[in-house]
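In: here's my sequence, what's the structure:
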Amino acid sequence: MYYLRHFNKKTFFTHLSSLLCNKKEVLKFDNNDSHEHETYHQFHVCYLDGPSVQKFLPKSAEGRAHKNYCRSIFHVIKNQFNSMRSNKEDSIYSTMDLGQAFTIYRYHFSKYTKHVVATILFSADANGIFVNWIVVTQTKFTMDTYGTSGNNETFRSCGIATFLILLVQMRLALFGWKTDVYLQVNQGSNSVQFYEKLGFQKAASNKKEEMPTTWEPFVNKKKGSMYIKFVDDKMNAEFPSKSHLHLYKLSDFLLKPTNPNKASVAKIVPLVPSDKNAVMIAWPFDMKGTNVDGAAEDLYIFGLRGFKFRNEQIFMRKTLPNTRQGAIRSYQDEDVKVSQYISWKEDLAKDHIAWLSTGDIGLSIQ
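Out: Just a heads-up that it's a prediction; the model follows:
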């Protein structure tokens, strides 16, 4: 989750994504040694493509891992309800077999054990996305499980559900498919306000005809390239009206303002300040070497061992120590103004003939 943290700006989410497990422990997706993680981050995002994993034999290592993974998803969904009918259980497993899922799971800070925090089960094609299930655990971020970093906050307060929907939209956008999202919302729950705040619109009716016509063969059918669990008004009539489901649709890409005229919609902050004398880039100083190493460890070149600092006490300094042999050179403060940045951009986009200024040279030698 650490490498996707920039898609959710909430402080609590950023905090969760940065947490690490005890480095003495080897994190594994399951008991198979070939499924070890190459990271110690506590929170992970996993993608499941149901049709692709059907080739695994039930008794193979991969087949057992898949079965355990699906079981953990099922239990976290089931635990959100006081009771669950058998047809709902069947729909969960059908979605995992014929559809896809994004899941966030976390490891205990000092043990191998892991638990599902949130999941979204969906089916999708070129016409959009149908979300069958989306669940965030009701458990809290406690010290018992997470050590001293626990603050007793609920996971439902950090935008995880929004993050999962965005991941699904991003996946379809990569294929060049429509990113419209369809789902059914319980009319007697707080979910109505949540989805409307994200930009979902209530459909004119709760009929499957409100969805793409090409999805009709997959509605409540277990065969095909998709699976859509749809509760129509006839099914709704069997239950109290406060628990009736209704179809909603999100037509825009998530997190993009749908009504700029509303005061509640945050203003878009431009990447280039309007003031041409404002600072665009500032060269950093006095940064501990280990922090620089950590920030660069995923880079192909500067993450290599040869570019690491020699020890934890070495800093980036404005003035080099007197004990060093040779001439002593001081670093210079170099702030790139907006006007300078724009001149670079315009030159790179056209003829590449601009002369280097004193500021350009000063920045390049730091």
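
In: show me how the protein divides into domains.
Out: 2-250, 279-364 (automatic domain parsing).

In: the longest one: end-to-end distance?
Out: The distance separating the two terminal residues of domain 2-250, taken as Cα to Cα, to the nearest Å, comes to 27 Å.

In: rewinding a little: export the domains of the chain to CSV and tack on mean neighbour count?
Out: To be clear about C-beta, it is placed using only N, CA and C from the backbone, and glycine gets the same treatment. Formatted as CSV, the domains of the chain follow (neighbours: other Cβ atoms under 10 Å):
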stretch, mean neighbour count
domain 2-250, 16
domain 279-364, 11
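
In: point out where the stretch 101-250 of the chain drops to low pLDDT.
Out: For the stretch 101-250 of the chain, applying pLDDT under 70 flags the ranges 109-113, 145-147.

In: go on, the stretch 251-366 of the chain?
Out: 255-271, 282-334, 349, 358-366.

In: circling back to that earlier point, now render the domains of the chain as CSV, adding distance to P273.
Out: Output for the domains of the chain, formatted as CSV (distance: least, Cβ to Cβ, whole Å):
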stretch, distance to P273
domain 2-250, 19
domain 279-364, 5
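
In: among these, which is nearest V272?
Out: Set against V272 and scored by Cβ to Cβ, the domains of the chain come closest in domain 279-364, at 6.1 Å.

In: the helices in the stretch 201-350 of the chain, which residues?
Out: All helices of the stretch 201-350 of the chain, identified by DSSP state H, counting those that start in this stretch, fall at 233-236, 289-296, 338-349.

In: what's the answer for the stretch 1-150 of the chain, then?
Out: Counting by DSSP H, counting those that start in this stretch, the helices of the stretch 1-150 of the chain are 11-18, 50-53, 61-78, 86-98, 143-146.

In: turn those into CSV, columns for distance to S357.
Out: Shown next, in CSV, are the helices of the stretch 1-150 of the chain (distance: least, Cβ to Cβ, whole Å):
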stretch, distance to S357
helix 11-18, 37
helix 50-53, 54
helix 61-78, 57
helix 86-98, 59
helix 143-146, 51
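
In: of those, which approaches G199 most closely?
Out: Within the helices of the stretch 1-150 of the chain, the stretch nearest G199 is helix 11-18; the backing value is 19.6 Å (Cβ to Cβ).

In: averaged pLDDT, the closest one. What do you get?
Out: What helix 11-18 shows for mean pLDDT is 86.

In: can you list contacts of that helix?
Out: 1-2, 4-5, 8, 41-43, 106, 141, 149, 153, 157-160, 163 (Cβ atoms under 8 Å, 6 or more residues apart in numbering).

In: just stretch 207-219 next, same as before
Out: Residues contacting stretch 207-219 (Cβ under 8 Å, 6+ apart): 123, 125, 127-128, 130, 182, 203-204, 224-228, 230, 232-233, 247, 249.
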